[in-house]
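> okay, predicted coordinates and the sequence, questions at the end:
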Amino acid sequence: MKHIHAHYANYFNHKYHFTGHVFESRYGAELLTTVEYELEVNKYIHLNPIRANMVQDLKDYKWSSYFDYINLNHSSIVSTDRIFSLFSEPKTEHYKRFLHVKVQQESKYLNAKKEEEGVHGYKYI
């Protein structure tokens with residue numbers, strides 16, 4: 001990752017006539033030690049564009065590997081085997097449901113939180 005970051009920083013700085021750091025901090029990696037944690041990280045990655053209010057629907061974020069998980073894209077660089085091994089058939093449908101439940105839970109929480117703060121009509125999804 002250091003090599004990739006360094007080359008990208010050089011490219012970016014040269015292209016946009018900048019100097020200095022491109023990334024705020026060093027690359028950090030964390031070992032996924034449990035199945036539960038692995039699922040949570042996968043869910044976090046796929047739901048992050050919604051949390052950041054970049055899109056309302058996962059299908060609207062074209063940079064996501066979500067398309068590989070729901071069989072709309074068959075990338076040679078994304079392997080869904082590990083995560084799908086944790087779901088029963090039909091794997092794609094169960095994976096969609098797994099993400100959808102989390103979106104609903106967060107939506108209820110965020111709507112309640114916004115109402116507490118006096119911001120009504122907030123809609124997460």
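Received, thanks. Since this is a predicted model, take the numbers as computed values, not measurements.
> now do the SS call for the closest residue to residue 78 other than its chain neighbours.
Closest residue in space to residue 78, ignoring its immediate chain neighbours: residue 68 at 4.2 Å, by CB to CB, 6 or more residues apart in numbering. C-betas here are computed from N, CA, C, even on glycine. Counting by DSSP: H, G, I helix; E, B strand; the rest coil, the backbone at residue 68 sits in helix.
> okay, now residue 68: neighbour count?
Residues near residue 68, counting by other CB atoms under 10 Å, number 15.
> residues contacting it?
By CB atoms under 8 Å, 6 or more residues apart in numbering, the contact list for residue 68 reads 74-75, 78, 80.
> cross those against helices and list the overlap.
Among the contacts of residue 68, DSSP state H puts none in helices.
> kindly write the ChimeraX command that selects the buried subset of those residues.
Here is the ChimeraX command that selects the buried residues among the contacts of residue 68 (16 or more other CB atoms under 10 Å):
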select :80
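> closest to residue 93 among the contacts of residue 68?
If you rank these by distance to residue 93 using CB to CB, residue 80 comes first, at 13.6 Å.
> okay, now residue 91: neighbour count?
There are 16 residues near residue 91, going by other CB under 10 Å.
> ok, it touching residue 84?
Yes. Assessed by CB atoms under 8 Å, residue 91 is found in contact with residue 84 at 4.6 Å.
> what are the ranges of the helices in the protein?
Under DSSP H, the chain gives helices at 2-16, 35-51, 66-69, 81-84, 91-116.
> just put the ones you listed in CSV and tack on distance to residue 60.
Below are the helices of the chain laid out as CSV (distance: least, CB to CB, whole Å):
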stretch, distance to residue 60
helix 2-16, 26
helix 35-51, 8
helix 66-69, 10
helix 81-84, 22
helix 91-116, 13
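> pick the most buried one from these.
Here the criterion is mean neighbour count by mean count of other CB atoms under 10 Å, and of the helices of the chain the winner is helix 66-69, at a mean of 19.
> what average pLDDT does that helix get?
Averaging pLDDT along helix 66-69 yields 90.
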